[in-house]
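> have a look; sequence and predicted model below, questions after that.
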Amino acid sequence: MSKRDYYEVLGISKDASERDIKKAYKRMAMKYHPDRTKGDKALEDKFKEVSEAYEVLNDPQKRAAYDQFGHDGVDPNRGGAGGFGGGADFGDIFGDVFGDIFGGGRRGGGGRGPQRGADLRYNMELTLEEAVRGVSKEIHIPTMVHCEQCNGSGAKAGSEVKTCPTCHGHGQVQMRQGFFAVQQVCPTCHGSGKIIKDPCPKCHGEGRYERDKKLSVKIPAGVDTGDRIRLSGEGEAGEHGAPAGDLYVQVHVKEHPIFTRDENNLYCEVPISFTQAALGGEIEVPTIDGRVKLKIPAETQTGRMLRIRGKGVQSVRSNRIGDLICKVVVETPVKLNDEQRDLLRQFEASLDGTATKSGKKQQHKPRSEGFLDGVKKFFDDLTK
């Protein structure tokens, strides 16, 4: 089955900016995340497809290869630059949002001899409050760890690790067939270049063993869905003492019952009464840090946006803080008694009969009256 175009998967154009790609991914990730789809296989596959598209298009080199060669340009099985096969490195694929904020540098791959440990990925779900303020989380990951009993050598304490006599430590041998020479994995040491006659009883000669590892991960304030954090050296231990891989923490922020987030701004709906909308006033509204006063101007209409500066989210990359934007929703009174209905009818009648000192009718309902004027003109034009 052929793969869909990555731009089509994210619903963006081919000239989309890096910011457009990230926003599209966040929107899709929130929609199809497995925690929300509750075991729906089709939607889980959709989430994987969206993640795969983002991982390619968010990386400038992989995006260039994809734009030029299509899926072949990023398929390692076809010689492409990307994908997860062939010993690919998560650090190269993902291009960390934060770089390595935990210290340490990138480790090179192998070449001959023991190979660097595999990178690992951990999906971390946060509440909006945790993402905005930052948080420390303790996680448990199953991984391969360095064997402390043999110090990663694979040999039992007191015994020696000898260089393979067949390949002389290269891990490969050359087989000649006429004019052709073919390199193969050494059949004696199986590519390690070493011979262990007396293996370590704990790791059985591997130099590492599987164990659940507990880590404390510090999440910086301001992260959002789609962000990744790299922890150097916290991936799988390498073979026979080789460097460990890295751990990538993938952030997903859960939906909030009150706020929605767009970049560094927070949005919420604020219900107000008909009287407050007409006369104006001051009400309390929630923020991430507590309650604040919001001034409602007189004659406020439903849908009006009121901004409270500095009550949004601080950017993870700078000191800039976004705003809280409140969308006003005027509530219609319900379950009225007879007296209240009568008062509203009197009020409505007073609006229709009010006039200014000059005798011109006062416009108390500009939108309604403008709409009716537009409808009248529309039908008048039809009859011409």
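Happy to help now that I have it. Residues are numbered from 1 along each chain as shown.

> for the residue nearest the centre of the chain, list the residues it contacts.
Nearest residue to the geometric centre of the chain (C-alpha atoms, centre = their mean): G226, 1.4 Å. By C-beta atoms under 8 Å, 6 or more residues apart in numbering, the contact set of G226 is 22, 25-26, 29, 54, 97, 251. Every residue, glycine included, has its C-beta placed from N, CA and C.

> I196 now?
Applying C-beta under 8 Å, 6+ apart, we find I196 in contact with 153-155, 159, 161-162, 205.

> rerun that using 6 Å as the cut-off
Counting by C-beta atoms under 6 Å, 6 or more residues apart in numbering, I196 touches 154-155, 161, 205.

> that one pairs with what?
V161 (DSSP bridges).

> circling back: now the residue nearest to the centre of the chain, what's its secondary structure?
When classified by DSSP: H, G, I helix; E, B strand; the rest coil, G226 comes out as coil.

> what of K46?
Once three-state DSSP is applied, K46 turns out helix.

> who's in contact with it?
Y32.

> what does K14 give?
Y7.

> the contacts of I196: which two are farthest apart?
V161 and G205 (9.7 Å; C-beta to C-beta).

> for the protein, where's the lowest mean pLDDT among helices and strands?
Averaged element by element with mean pLDDT, DSSP states H and E, the chain has its least confident helix or strand at helix 90-94 (a mean of 37).

> what pairs with the helix or strand following it, parallel or antiparallel?
Counting by DSSP states H and E, the next helix or strand C-terminal to helix 90-94 is strand 120-126. Applying DSSP bridges, strand 120-126 is found paired with strand 247-253 (parallel).

> what ranges do the strands span in the stretch 251-384 of the chain?
For the stretch 251-384 of the chain, the strands defined by DSSP state E, counting those that start in this stretch occupy 260-262, 265-272, 281-287, 290-296, 305-308, 324-330.

> format those as a markdown table; extra columns: distance to Y6 and mean neighbour count.
Below are the strands of the stretch 251-384 of the chain laid out as a markdown table (distance: least, C-beta to C-beta, whole Å; neighbours: other C-beta atoms under 10 Å):
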| stretch | distance to Y6 | mean neighbour count |
| --- | --- | --- |
| strand 260-262 | 23 | 16 |
| strand 265-272 | 28 | 17 |
| strand 281-287 | 38 | 14 |
| strand 290-296 | 43 | 13 |
| strand 305-308 | 34 | 14 |
| strand 324-330 | 32 | 19 |
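
> among the contacts of I196, which one has the most neighbours?
Each of these was scored for neighbours by other C-beta atoms under 10 Å, and G154 scores highest at 25 neighbours.

> tell me which stretches of the stretch 51-200 of the chain form strands.
120-126, 135-146, 161-163, 172-177, 180-185, 194-196.

> those strands: which one's closest to V328?
strand 120-126 (29.4 Å).

> got a list of contacts for that closest one?
Residues contacting strand 120-126 (C-beta under 6 Å, 6+ apart): 141, 235, 247-254.

> so for that strand, mean pLDDT?
Averaged across strand 120-126, the pLDDT comes to 90.

> could you do stretch 327-341 as well?
90.

> what about that stretch, start to end distance?
28 Å (C-alpha to C-alpha, to the nearest Å).

> over to stretch 33-48?
9 Å.

> going forward, begin numbering at 785 instead of 1
All right, first residue 785 from here; so that's stretch 817-832.

> re the thing from before, now the buried members of the contacts of strand 904-910.
925, 1019, 1031-1037 (16 or more other C-beta atoms under 10 Å).
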